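[1] Sequence isn't available, so here's the structure alone:
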């Protein structure tokens, strides 16, 4: 496995990460539980925040965990092949979640997968992400705002820890996460964004 040229390893890591990331756990769990198609309620996204709008906290928690695990698993498997492949597999998983081919590229917003990948790549940065998210959520009770602020902290943390190349890739992931939250940003600015626990 280690005889492959580096670019081949990177391509394989990207494809593996995308494949893992594109598994729509929120959609699968809600359908298996008889809660219907998650894409037809709330924001229409397949992530844990929208699953919570079904009233099933257990399904939302399971979705959060599994979406985080697929990001972590992709990074860990990629890193097993080659150190640089961990971050490549991580971005593959993130893109797979937000744009899964099976759902016509309409996926979730990637926050849990982003976090899982961070914890696998550099767990102190993952913990910083969690701390920022929890602090912002406690102060303002906006899931979207918490994710946006935490995502900014991630590349800054990696840079501070001397992991510049990973910081650049995570900054790209942060930009994609912000793009996926563009409607939330618009609602935040206009005062129409739902708070945590508030029905959409």
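    Cool, got the structure. From a predicted model like this one, the values you see are computed outputs, not experimental measurements.
[2] secondary structure element for residue 108?
    Counting by DSSP states H and E, no helix or strand carries residue 108.
[3] The closest residue to residue 112 other than its chain neighbours: neighbouring residues, count only.
    Nearest residue to residue 112, sequence neighbours excluded (CB to CB, 6 or more residues apart in numbering): residue 67, at 3.7 Å. Using the backbone N, CA and C atoms, a C-beta is placed for each residue, glycine as well. Other residues near residue 67 come to 28 when the count uses other CB atoms under 10 Å.
[4] Settle this for me: residue 67 is touching residue 45, isn't it.
    No. With contacts counted by CB atoms under 8 Å, residue 67 stays clear of residue 45, the gap being 11.2 Å.
[5] Can you check which residues contact both of the two?
    Residues touching both residue 67 and residue 45 by CB atoms under 8 Å, 6 or more residues apart in numbering: 26, 108.
[6] For the residue nearest to residue 112, give me its contacts.
    25, 26, 47, 48, 97, 108, 112, 113, 116.
[7] What's the separation between residue 25 and residue 62?
    8 Å (CB to CB, to the nearest Å).
[8] what about the two, which has more around it?
    More crowded of residue 25 and residue 62, by other CB under 10 Å: residue 25, with 25 against 18.
[9] what's stretch 102-111 in contact with?
    22, 24, 26-27, 39, 45-47, 49-50, 67, 94, 96-100, 147, 151, 173, 176-177, 180-181.
[10] Quick check: mean pLDDT of the lengthiest helix in the chain?
    Ranked by residue count and defined by DSSP state H, the top helix of the chain is helix 57-81. Helix 57-81 shows an average pLDDT of 96 in the prediction.
[11] Ok, stretch 89-98 next?
    98.
[12] who touches that stretch?
    Counting by CB under 8 Å, 6+ apart, 13-23, 67, 70-71, 73-75, 77-79, 107-110, 113-114, 116-117, 120-121, 169, 172-173, 176, 180 sit against stretch 89-98.
[13] Centre of the chain to the helix or strand bottoming out on mean pLDDT in the chain, how far?
    Confidence across the helices and strands of the chain bottoms out at helix 48-52, with a mean of 89, counting by mean pLDDT, DSSP states H and E. Here helix 48-52 is found 13 Å from its chain centre; the criterion is CA atoms, centre = their mean, to the nearest Å.
[14] can you pull the buried residues of that helix?
    48, 49, 50, 51, 52 (16 or more other CB atoms under 10 Å).
[15] That one - contacts with which helices or strands?
    helix 25-32, helix 57-81 (3 or more CB pairs under 8 Å, 6 or more residues apart in numbering; DSSP states H and E).
[16] what's the angle from the first one to helix 57-81?
    The one in question is helix 25-32. 140 degrees (axes from the mean of the first three to the mean of the last three CA atoms, to 10 degrees).
[17] residues making contact with helix 25-32?
    36-39, 45-48, 50-51, 54, 56, 59, 62-63, 66-67, 70, 103, 108.
[18] any idea how far residue 33 is from the residue nearest to residue 61 when sequence neighbours are not counted?
    Nearest non-adjacent residue to residue 61, counting by CB to CB, 6+ apart: residue 48, 7.4 Å away. Per CB to CB, residue 48 is found 14 Å from residue 33.
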